[in-house]
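Visitor: Below is the sequence, then the predicted model.
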Amino acid sequence: MHNSGWLSLFREDVRAKAEWLYGASDGRNSLKALTTDGTLAMLLYRLMQASHRHRFGLLAMVFNKLNGIFGSCIIGRGAEFGPRFVLVHSHGVVINGAVQGGRNIMIEHQVTIGAERQRAPVLGDDVFVGAGAKIIGAVRVGSDVRVGANAVVVKDVPDGATAVGVPARYILKTRADKEGE
């Protein structure tokens, strides 16, 4: 899906995390972002993703297991996310190996993005997934979407929507909402 080198992707991920946490991705803020919770899990994910892509299965498995131990996070070896993938907090994150995601994906703690009957979610670009949210099965989460904390998404979410509740329903942004951003 994405052909950039793992180090380049990781740098973009860290810059995105610095912007999210501190409002800017200058050197100081990027260095601070490197030391925050979740960043080690982001690094181990990128190393696992590169190993998997180059068919170094044993190495990919080692990075996967290290992420479980040190990042408190399980991301399946085949999971693909584009640049600017951010684990705000990695504790309790579980992502199935068949999940596909675009760029600018922000994930809070205790999130599950999982398959159901061998069919996994696909996430667009610019997606925020709040703490404790679950996205399950063959659903498409569009671009410019926010999934609220503890929401359980089992149906498609269109571009520009916010998904909330159990099961999740979505709220579309109005023109006034978009202009106010």
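Guide: Cool, the structure landed. Numbering: from 1, shown residues only.
Visitor: beta partners for Ile95?
Guide: Under DSSP bridges, the beta-bridge partners of Ile95 are Ile75, Ile113.
Visitor: what does Gly101 give?
Guide: The partner list for Gly101 in beta bridges (DSSP bridges) reads Phe81, Leu123.
Visitor: Any idea how many residues pack against it?
Guide: As a burial measure, Gly101 scores 24 neighbours (other Cβ atoms under 10 Å). Using the backbone N, CA and C atoms, a C-beta is placed for each residue, glycine as well.
Visitor: Likewise for Asn64?
Guide: Neighbour count of Asn64, defined by other Cβ under 10 Å: 22.
Visitor: start at 2 instead
Guide: Will do, 2 is the new start, and the previous item becomes Asn65.
Visitor: dump the residue contacts of it.
Guide: Residues near Asn65 by Cβ atoms under 8 Å, 6 or more residues apart in numbering: 45, 49, 75-78.
Visitor: Return the two entries of those that lie farthest from one another.
Guide: Using Cβ to Cβ, the contacts of Asn65 span at most 13.0 Å, a distance reached by Leu45 and Gly77.
Visitor: follow-up on the earlier one: most neighbours out of the contacts of Asn65, which is it?
Guide: Ile76 (29 neighbours).
Visitor: Report the buried residues of the helix or strand harbouring Val15.
Guide: Element membership for Val15 (DSSP states H and E) is helix 7-23. The neighbour-count check on helix 7-23 (16 or more other Cβ atoms under 10 Å) flags 7, 10-21 as buried.
Visitor: Identify the residues contacting that helix?
Guide: 3, 5, 25-27, 30-31, 33-35, 37, 39-40, 43-44, 47-48, 50-51, 84-87, 89, 105, 107.
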